[in-house]
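> Make a model of this:
(chains A and B)
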Amino acid sequence: MTDISQRELGVTQQGHYAGAVSRLVAFCCDQAIATICFSIATASLTYIIVVITPDNYKLQMPPTLVTCLYVFWLFIYYSYPWSTSGKTAGMAILGLRVVQRDGSQTTLRCGVLRTVMFPLGFITLGLGFIGIITNKEHQALYDRIAKTTVVYGWDARGARLRFLARNSPPSSPDHTPAQTPEGPSQSD
Amino acid sequence: MLAHRAAILSHDLEVSSDDAAGAPPEEDNDDWGVDAALGAATRAARAATDVASAVGGSAPARLAAAVAKRLTVPLAKEGHEVRERLVTDAGPVARDAIQRVTPGVIDAVNINEVLAAIDMDALLDRIDIDRLVGRVDVGGIVSKVDVNELVQGVDIDGIVSRVDVAAVVERVDVDSLISKVNLDALLERIDIGLLLDRIDLNLLLTKIDLNELLKNVDLNALLENVDLDALLDSVDMNSLVNKLDIDSLVRNTEIGSLIAQSTSGIAGEALDVVRSQGVGLDNFLNRWANRVLRRDPIALPAGPPLLIELAPLALPSGQSDSEKAQS
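Sure thing, here's the model as predicted:
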């Protein structure tokens, strides 16, 4: 598959079930963003506390508290976007979107339940993620519980127009669609 | 005065007697005395009348007239009796005379010549038509006429068949007629909808030579009168745009390069590349999974029902699963 045809295939698959690679990359992005944000927030808070307290004061946060805060932050980071727009920052980069099984917009219940059940994929030693590859609807374990799925949801029309514009030959009066490398029309 | 009348009467009797025979009839000889006296009185009256008319109204004449009137009282009395008898007897005699004379007069008179001699124009000019008509009670006449019976008795078809309509129409001043018509009031009374319902537009259009009609149309003048803003407001642009082949438009025009220049930033390019690469790897992994699991990829659902049904709207010329399967 050439680069051009592969990219066009990507644009033409909007609304289809997303695959494991895109979802994994999106999750990595989300984790990175969430961790970076949490780290920045923690460092900023620590700096502020150090600045406003006497010099002899030493801030010592218990690891459990930090872990709880981090988990709580992750919960907020994932549940809120999934309940509203259906996409986190990492999913937005990869053009993914969480929807209900029928394709409708997710609800608060779906978002919260999916976030709470998400750790099951790790608790089951990764078996919870196998469904993304084997399931017909590419549902992981937490997706089946929350009755959600992930689809490609980026700006298909704009992407397609950009794709067509980049690959359009120089316009000439005697130019016909049949002369394009891909044929008269990609949909034909 | 009385003498004057007696003179006239005696003169008339004398003329009539002369015209009749010229001499007294022989069978009336028994009254010769009366006739003589009457004749004498007549002549005396005539003489007196002549004298009276000659001398006029002078005082001696009036004196003489008074003396004469006094002296002739016996004669006047006798003459009065005679005149009354004449008047009494003259009616039947005159009537009889008229009856005998009238047929002859009628035969002698030529009515046509009489009528020809009459100046009818002058006669009509002397008649006041308005006054004459004003004296006629038209309402009373009309009220006595049974119009229905009158109309039923009229042979309308016969009348119409005798009318030379072409000649009538030629004599009509159409311009003058139309100038007197209040078209606004006329049009207000016309039910346009009912009129159009009765018109077979298809039949009408088949009889129209549109090419010939369009040759005579000044399109420039027509377009100058068109309110393009109102026209465009009535156009459903969304429906129009949905019918456009956007792909062909972008491929074959400068619009594509304009879109690329205006929308393809570095970040957008990078995202498209990353996303496309991700989609490609996903498909690669899915194909292997389907092979391992021995699944028919065409039988698998491509996505949630709602999104797959809306996919053609989001993707102008994207290929649906069914189309892929067919191809």
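
> Excluding sequence neighbours, find me the nearest residue to the closest residue to chain B within chain A.
Chain A approaches chain B most closely through residue A:19 (2.3 Å), counting by CB to the nearest CB. For glycine as for every other residue, the C-beta is placed from the backbone atoms N, C-alpha and C. In this structure, residue A:19 finds its nearest non-sequential neighbour in residue B:282, 2.3 Å apart by CB to CB, 6 or more residues apart in numbering or on different chains.

> tally of neighbours for that neighbour?
Around residue B:282 there are 26 other residues, counting by other CB atoms under 10 Å in any protein chain shown.

> next one: the host helix or strand of residue A:142 to chain centre, how far?
According to DSSP states H and E, residue A:142 maps onto helix A:141-146. Helix A:141-146 sits 16 Å away from the centroid of its parent chain (CA atoms, centre = their mean, to the nearest Å).

> Residue of chain B nearest chain A, please.
residue B:282 (2.3 Å).

> which SS state does that residue fall under?
At residue B:282 the chain is in helix, as set by DSSP: H, G, I helix; E, B strand; the rest coil.

> Relative to residue A:119, how far out is it?
24 Å (CB to CB, to the nearest Å).

> And residue 159, what's its pLDDT?
No chain in the question, so chain A it is. pLDDT, residue A:159: 64.

> not what I meant, chain B
83.

> From residue B:165, how far off is it?
From residue B:159 across to residue B:165, the span is 12 Å (CB to CB).

> how about residue A:30, phi and psi?
Here the main-chain torsion angles of residue A:30 (degrees, to the nearest 10) amount to phi -60, psi -40.

> Count the neighbours of it for me.
Residue A:30: 22 neighbours (other CB under 10 Å).

> Please name the residues that touch residue A:137.
Counting by CB atoms under 8 Å, 6 or more residues apart in numbering or on different chains, residue A:137 touches A:17, A:101, A:143, A:149, B:301, B:304.

> mind running it again at 6 Å?
Contacts of residue A:137 were listed using CB atoms under 6 Å, 6 or more residues apart in numbering or on different chains, and they are residue A:149.

> what helix or strand is residue B:143 on?
Going by DSSP H and E, residue B:143 is in helix B:138-144.

> That helix - what's its average pLDDT?
On average, the pLDDT along helix B:138-144 is 82.

> next one: it to chain centre, how far?
Worked out by CA atoms, centre = their mean, helix B:138-144 lies 23 Å from the chain centre.

> Using CSV, list the CA coordinates for it.
What follows is helix B:138-144 as a C-alpha-only set of coordinates in CSV (Å, rounded to 0.1, in the frame of the first residue of the first chain):
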residue,chain,number,x,y,z
VAL,B,138,-93.1,55.1,-20.9
GLY,B,139,-93.3,53.4,-17.5
GLY,B,140,-97.0,52.7,-18.1
ILE,B,141,-96.3,51.4,-21.5
VAL,B,142,-93.5,49.1,-20.4
SER,B,143,-95.5,47.8,-17.4
LYS,B,144,-98.1,46.7,-19.8
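
> got the buried residues for that helix?
Residues of helix B:138-144 include none that count as buried (16 or more other CB atoms under 10 Å in any protein chain shown).
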